[in-house]
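Peer 1: everything below, folded, please.
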Amino acid sequence: MTAHLIAAPTPTPTTDPRGPWLRLSAALTEEVTDLADREDLTVTCAPGLGRGAPGCFIPTLATVELDGAHLGHDPTTCDPSRPSDRDRYPALWGVLVHEAAHARHSRWATPGGTPAAHVDAAMTLEESRIEAAHIRRRPADRRWLRAAASHLVLADFTTASGDPAPSATAMTPWNAARAAGLLLARTDAGILDHDETAALAATITKILGASRLSALAALWHIAHITADDDHETMLDLGRRWCAIVGTNPDQPAPAPAPGASGESEEPSPLAEAITSTVTTVMSAEASSDASPESDPRQQERDARDAAERAARRVFGATHTDTGRRGPTAIKRTRPPRPDEQAAARRLARQLRAAAHRERTAATHTSATPPGRLRMREALAADAQRAAGVIPTAEPFTRTVRRHVPTPPLRVGIACDVSGSMNAVAAPVASAAWILARAAAHVPDARSATVIYGAKVRPITRPGRTPTRVAEFTANDSTEDFIEAVEALDAALDLSRPGAARLLIVVSDGIYTTRQRTEGQQRINRLTAAGCAVLWLALDKHAYPMKGAHLVTLADPATAADTIGQAATQALRNA
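Peer 2: Presented below is the predicted three-dimensional model:
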């Protein structure tokens, strides 16, 4: 069995990631933190890594190795930080998820010394146990584990050339039990579907018998609920596994008997059943990837994941933007002018007035005080009692007035800093300071402003009150509109109900095809969630995204007033 979990690695020749593979390894290292809920892991990815498997986890080194041969694309074109990009290499990403599950949930150590069959059996159970635990924690990762299952299982049952290995697919109880532990156990764990493994189950039943297969299934069901660090239970399950199959648990895993290894050119029925199952799973995954109607909940999770990562990249840095690399940068900061300070105070008053809600009044009736007595209802109650019936009249009334909570306000500004937007750079910088300053004096109001060109840089940050106006240049040649929207979405919760939300885009809308297409998807998501989108442009020849309200700025200096009016209106409509 090829080990995906290497407790004590021996020095073996490996390929160090270089060039684009090194950059891809760094990107995967950043992503594995969320997958494994650990911050100490390192991922290395290059062709030839994995120590004979598509991937492996080495606990002593806190390292995940991935065989780059399963990427299938030029590593320079891959950006695993974007969920949509992972669809291009689902197998490799699935292997990373699997190894991250090992890193998170494989907390028990195998005893050293001579290889023993019961340890091998326990490690077989561990494969489905950690995946079952992982999808309980991250159910959306099931699709990636399905994509990886075929490659992981094939690595255990095939030779380097990809043909079935006779020693691993001979019609022996041990091999049949191992196939059940790797595929049928994944079915009961919720990774694979029963119809995909039905033919394999029938073949394994012919080899083991229904009673032995049922006994093995009981073991992996116990494993699936075993604690991550319960090595005694896992090793005991391995011994029980060997007893069911008829193998000495303290000897190495049995090799096929002479003549039973399938020396004929025809593959064994077990090999055919394994290959058929793997092919069925791969075909199902390919059909799912090709289908335009994917799970909307999965799409929402992917979008939220991408937005949160963008927010960390844009707003997570603690140093100033002037020291960052890239053409998109802050030119200088300056003290606010008196007119900007007055505008901030004026906008704060307007926002507070727009957020104010009158108390609501509700009238309640009751049969007993407190309250105001209504004689008609009191006489009706007396008449009911005289008639010998239970009184239903409620003669007392009182009015209860309640305060209506002030609706929260979330406003994000994204300003294009390509060369065509130079005229609005100074007004938007002023407007960003005015809005952030005003929001600081309004209960539960937050705002943020980013500029986007070749990079995305924050001008004001959520929850922080700027003391100086940050001015920026507008001379970039490209625009990363997607990252700007994602960063503001996650930082301000623009796609979540419960607040007055407004996204303001200052741009001419001239983007690349990808920025246009995927940017429209982000705007659609925001508008569908109830976030208003205001698009400010210098003239009518701009190309706003569908769903955004276009406002043409005849005078760029009016940008601050226009943004303030939009924020006030959003609060009134909340």
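Peer 1: model confidence for the nearest residue to residue 469 once chain neighbours are set aside, exactly?
Peer 2: Among residues not flanking residue 469 along the chain, residue 433 sits closest, at 4.5 Å (C-beta to C-beta, 6 or more residues apart in numbering). (Each C-beta comes from the backbone N, C-alpha and C, glycine too.) With respect to pLDDT, residue 433 scores 95.
Peer 1: cool, residue 165 as well?
Peer 2: Residue 165 is given a pLDDT of 52.
Peer 1: in which helix or strand would I find residue 390?
Peer 2: Counting by DSSP states H and E, no helix or strand carries residue 390.
Peer 1: circling back to that earlier point, tell me, how many residues neighbour the residue nearest to residue 469?
Peer 2: 29 (other C-beta atoms under 10 Å).
Peer 1: my read: residue 177 touches residue 216, true?
Peer 2: Yes. In this structure, residue 177 is within contact of residue 216 by C-beta atoms under 8 Å, at 5.9 Å.
Peer 1: list residues touching both of these two?
Peer 2: 208, 241, 244-245 (C-beta atoms under 8 Å, 6 or more residues apart in numbering).
Peer 1: any weak-confidence spans in the stretch 201-350 of the chain?
Peer 2: 255-267, 284-299, 301, 317-327 (pLDDT under 70).
Peer 1: where along it do the helices fall?
Peer 2: Secondary structure of the stretch 201-350 of the chain (DSSP state H, counting those that start in this stretch): helices at 210-224, 231-245, 269-290, 296-315, 338-355.
Peer 1: wait, which of those is closest to residue 417?
Peer 2: helix 296-315 (13.9 Å; C-beta to C-beta).
Peer 1: most tightly packed of the helices of the stretch 201-350 of the chain?
Peer 2: helix 231-245 (a mean of 20; mean count of other C-beta atoms under 10 Å).
Peer 1: out of the helices of the stretch 201-350 of the chain, which gets nearest to residue 424?
Peer 2: Using C-beta to C-beta, the nearest of these to residue 424 is helix 338-355, at 15.9 Å.
Peer 1: pLDDT weak spots in this structure?
Peer 2: For the chain (pLDDT under 70), the answer is 1-16, 112-114, 154-170, 255-267, 284-299, 301, 317-327, 356-360, 403-406, 574.
Peer 1: what about the strands in it?
Peer 2: Taking DSSP state E to define them, one finds strands in the chain at 42-46, 55-58, 63-67, 330-334, 360-366, 372-373, 396-402, 409-416, 445-452, 456-460, 469-472, 500-506, 532-537, 549-552.
Peer 1: list of residues touching the last one?
Peer 2: If I follow you right, that is strand 549-552. Contacts of strand 549-552 (C-beta under 8 Å, 6+ apart): 532-540, 542, 544, 562.
Peer 1: scan those and report the most crowded one.
Peer 2: residue 536 (29 neighbours).
Peer 1: nearest to residue 136, out of the strands of the chain?
Peer 2: Comparing the strands of the chain by C-beta to C-beta, strand 55-58 comes nearest, at 19.1 Å.
Peer 1: so how far is the closest one from its chain's centroid?
Peer 2: 22 Å (C-alpha atoms, centre = their mean, to the nearest Å).
Peer 1: swap in stretch 470-478?
Peer 2: The answer for stretch 470-478 is 31 Å, by C-alpha atoms, centre = their mean.
Peer 1: now the most centrally placed residue in the chain. Nearest residue, chain neighbours left out?
Peer 2: Centroid-nearest residue in the chain, with C-alpha atoms, centre = their mean: residue 305, separated by 3.6 Å. Nearest-residue entry for residue 305: residue 83, 5.6 Å, with adjacent residues in sequence omitted and distances by C-beta to C-beta, 6+ apart.
Peer 1: burial measure for the closest residue to residue 409 other than its chain neighbours, as a count.
Peer 2: Of all residues not flanking residue 409 in the chain, residue 445 sits nearest, at 4.0 Å (C-beta to C-beta, 6+ apart). By other C-beta under 10 Å, 25 other residues sit near residue 445.
Peer 1: swap in residue 464?
Peer 2: Counted with other C-beta under 10 Å, the neighbours of residue 464 add up to 14.
Peer 1: then the one 10 residues further on?
Peer 2: Residues near residue 474, counting by other C-beta under 10 Å, number 21.
Peer 1: also residue 572?
Peer 2: The local packing of residue 572 (other C-beta under 10 Å) involves 13 other residues.
Peer 1: quick check: phi and psi at residue 390.
Peer 2: phi -70, psi 130 (degrees, to the nearest 10).
Peer 1: how many residues are close by residue 421?
Peer 2: Residue 421 has 24 nearby residues by other C-beta under 10 Å.
Peer 1: that one and residue 510 touch, don't they?
Peer 2: No. Counting by C-beta under 8 Å, residue 421 stays clear of residue 510, with 10.0 Å between them.
Peer 1: residue contacts, residue 426?
Peer 2: 471, 556.
Peer 1: could you measure it against residue 435, distance?
Peer 2: 15 Å (C-beta to C-beta, to the nearest Å).
Peer 1: around residue 569, how many other residues sit close by?
Peer 2: Residue 569, neighbours per other C-beta under 10 Å, totals 15.
Peer 1: and if you look at the one 4 residues further on?
Peer 2: Residue 573 sits with 11 neighbouring residues when counted by other C-beta under 10 Å.
Peer 1: my guess is it meets residue 501, correct?
Peer 2: No. With contacts counted by C-beta under 8 Å, residue 573 stays clear of residue 501, the gap being 10.6 Å.
Peer 1: one step back: for the shared contacts of residue 177 and residue 216, which two are the farthest from each other?
Peer 2: 208 and 241 (11.8 Å).
Peer 1: quick revisit: now do the contacts for the residue nearest to residue 409.
Peer 2: Residue 445 neighbours (C-beta under 8 Å, 6+ apart): 351, 355, 408-411, 438-439.
Peer 1: need those in TSV (columns: distance to residue 72).
Peer 2: Shown next, in TSV, are the contacts of residue 445 (distance: C-beta to C-beta, whole Å):
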residue	distance to residue 72
351	52
355	53
408	45
409	46
410	41
411	43
438	51
439	47
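Peer 1: by neighbours, which of those residues wins?
Peer 2: Neighbour-wise, these (other C-beta under 10 Å) top out at residue 411, 30 neighbours.
Peer 1: tell me who's in contact with that residue.
Peer 2: 435, 439, 445-447, 492, 501-504, 563, 567, 570.
Peer 1: can I get those residues in a markdown table with distance to residue 229?
Peer 2: Formatted as a markdown table, the contacts of residue 411 follow (distance: C-beta to C-beta, whole Å):
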| residue | distance to residue 229 |
| --- | --- |
| 435 | 51 |
| 439 | 48 |
| 445 | 47 |
| 446 | 42 |
| 447 | 46 |
| 492 | 40 |
| 501 | 44 |
| 502 | 49 |
| 503 | 46 |
| 504 | 51 |
| 563 | 55 |
| 567 | 52 |
| 570 | 51 |
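Peer 1: from those, which is closest to residue 95?
Peer 2: Distance to residue 95 across the contacts of residue 411 (C-beta to C-beta) is lowest for residue 492, with 35.3 Å.
Peer 1: hey, what's the nearest residue to that closest one once chain neighbours are set aside bridged with?
Peer 2: Spatial nearest neighbour of residue 492, chain neighbours left out: residue 410 (4.3 Å); criterion: C-beta to C-beta, 6+ apart. Beta-bridge pairing for residue 410 (DSSP bridges): residue 446, residue 501.
Peer 1: all set now, cheers.
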